[in-house]
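K.L.:
Just a sequence and a predicted model for now, questions to come.
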Amino acid sequence: MKKYPKIFVSLLCALLFLLPVFAGCAPEGGGGGNGGDGVGTGADFVDYAGELKLDLGDPTSKKQKVTLRLLVDGDTTHFDPVDHKEDFAETQNYIKARYLGINTPESTGKIEKWGKTASLYVKSKLGDAVAIYVESNDTHWNVDSTGERYLLWIWYVPAGQDASDVNNYRNLNIELLQNGYGRGSGIPGSRYEEVATKALNQAQALKLHVFSAPSTVDENYFDDPAVHVSMQELRFHPEQYLDKNVRVEGTVIARFGSSAYIEDYDAEHNVSYGIGAFYGYNPDELLDILAINNRVSVRGKVTEYQGVYQISDLTYDAFDPKNVNNTVLVEGETAETPFKVTKASDIVKGTGEVEVWLPVVGEDGETTDEKFTLDSREAIMSTSVTVENLKIKSMYTTNNGGKSDGAISITCEAEDGTEIVIRTEVLKKSDGKTLVTEADFKIGEHITVKGIVDKYTNNKGVTSYQVAIHRFDYFTFLDR
């Protein structure tokens, strides 16, 4: 048997004695405590959100019981006050809440890693909450720089717990901080500065989510070099992304002319934004992904064709399903409500401007919200609409020797006198063989149509807005 020097044995014993201590300093993951999200339950994790208690009798802050109205993103939520609605009369009697103490990654403008994950986390907590309170930072309902959103602490009772016991309320702001779903924002001098700082420091120490290594996978984010944007951001600033590769998510609402039309509904402003995505000649696997009503994430280059922005160069590598350039199925058969009833005048003349607040990252890296406006007709470009009760006034069939020969332009009049052009593709009837011609329509009859908002510029440089139709069954003949 080999003998070792006594000094070596002594050192070995000392190392073995210290090993459990070293191991305890670096637990795996962060943990969510009693209200966690399954990140992990390391021994070092402290559930600060559960330790903090809501004091409904404390006169140094305002409290309001609310119900959930709309989930916007990871740090912005809309609520309806249960009572005292007059306190929020300036914001249409509901509460646009901007969470105090935290800034989650973006998921409504330029999409950032962990942004959608943070948003889904908030949805999972508030969507099933038994009760919700909002609390001000002091004795006033304070608003942020937009003048429209209140700066608030959010308290909720998780599903399955007793709302009559005030000890069951959890502070969602602190919970987001302790789980690393965002970075600290405005913590110094805030109401819960001490506990918020501890929660933030813990997430940093345990390297959770936004503080994790860059190589850490976020299952709700496609890790590719393209610029990730929301459909809203793309419609408001398309020129910024011209000739750049972007990745954007939406629901397929139509497919024709080697393009899929992808739409995303903005519930906050009750507007749908859309864009055409040209896929050209690609494998059947891509067309399966781009099936109508599928929610998809597409990657391609932003281009402009005849004044209309689109995404080009969609691809799918059937031999490499994990290729970062691939179009990806997010969810099948999503419950969207496309083909919103829209007035002809809204399409042809516009109704003014759509106003939104979008996050902007400054040169110093700080994110601020700025108000942007967009012509209402441009806002609904490439989206699906239904236009009701139109009277056919005249028709014209293209016949210039090109591939659009047989397409029909139908000039119609709405009930308010607005003239609008309904432009068809080269259509076939349900048998798939018989071409649709002017003989299938009658001057003076009334129709309701479903189609995509489009525009064209004539040889005199005049731009007009119209509705493009790619299916004959999208015509409803009201007089027959």
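P.N.:
Okay, I see it.

K.L.:
Report how many residues lie close to residue 371.
P.N.:
11 (other Cβ atoms under 10 Å). Bear in mind the C-beta positions are built from the backbone N, C-alpha and C, glycine included.

K.L.:
For the closest residue to it other than its chain neighbours, give me phi and psi.
P.N.:
Nearest non-adjacent residue to residue 371, counting by Cβ to Cβ, 6 or more residues apart in numbering: residue 357, 5.5 Å away. For residue 357, the backbone dihedrals (degrees, to the nearest 10) come out as phi -100, psi 130.

K.L.:
where's the closest residue to residue 220 other than its chain neighbours relative to residue 444, distance?
P.N.:
Leaving aside its sequence neighbours, residue 220 sits nearest to residue 116 (Cβ to Cβ, 6+ apart; 4.2 Å). Note on residue 116: its distance to residue 444, by Cβ to Cβ, to the nearest Å, is 51 Å.

K.L.:
Between those two, point out the one with more neighbours.
P.N.:
residue 116 (23 against 8).

K.L.:
The more buried one - that's part of a helix, no?
P.N.:
Yes: Residue 116 sits within a helix when classified using DSSP: H, G, I helix; E, B strand; the rest coil.

K.L.:
quick one: contacts for it?
P.N.:
Neighbouring residues of residue 116 by Cβ atoms under 8 Å, 6 or more residues apart in numbering: 107, 220, 221.

K.L.:
Run a quick neighbour tally on the last one.
P.N.:
Residues contacting residue 221 under the criterion other Cβ under 10 Å number 19.

K.L.:
and the longest strand for this protein?
P.N.:
In the chain, assigned by DSSP state E, the strand with the most residues is strand 384-397.

K.L.:
Do you have the helices of the stretch 1-150 of the chain handy? List them.
P.N.:
6-24, 48-51, 115-126 (DSSP state H, counting those that start in this stretch).

K.L.:
looking at those helices, which has the lowest confidence?
P.N.:
Among the helices of the stretch 1-150 of the chain, helix 6-24 has the lowest mean pLDDT, at a mean of 36.

K.L.:
before we move on, back to that, tell me which residues of the longest strand of the chain come out buried.
P.N.:
Within strand 384-397, the residues that count as buried by 16 or more other Cβ atoms under 10 Å are 384, 385, 386, 387, 388, 390, 391, 392, 395.

K.L.:
circling back: show the contacting residues for the residue nearest to residue 371.
P.N.:
146, 148, 369, 370, 371, 372.

K.L.:
do you know how far residue 152 is from residue 133?
P.N.:
10 Å.

K.L.:
who has more neighbours, these two?
P.N.:
Neighbours per residue (other Cβ under 10 Å) separate residue 152 from residue 133, with residue 152 holding more: 27 against 22.

K.L.:
got a list of what the more buried one touches?
P.N.:
95, 97, 98, 99, 100, 134, 135, 136, 137.

K.L.:
Quick check: of those residues, which lies closest to residue 214?
P.N.:
Nearest to residue 214 out of these is residue 99 (Cβ to Cβ; 25.3 Å).

K.L.:
how about residue 443, phi and psi?
P.N.:
Residue torsions, per degrees, to the nearest 10, at residue 443 are phi -60, psi 130.

K.L.:
surely it meets residue 410?
P.N.:
No: the pair residue 443 / residue 410 is not scored as a contact, 9.9 Å apart, by Cβ atoms under 8 Å.

K.L.:
shared neighbours of the two, anything?
P.N.:
What both residue 443 and residue 410 touch, as defined by Cβ under 8 Å, 6+ apart, is the set 392, 394, 395.

K.L.:
Can you give me the distance of the second one to residue 386?
P.N.:
Distance of residue 394 to residue 386, computed by Cβ to Cβ: 22 Å.

K.L.:
swap in the last one?
P.N.:
In this structure, residue 395 lies at 21 Å from residue 386, with Cβ to Cβ as the measure.

K.L.:
quick one: residue 269 and residue 354 touch, right?
P.N.:
Yes: counting by Cβ under 8 Å, residue 269 touches residue 354, with 6.5 Å between them.
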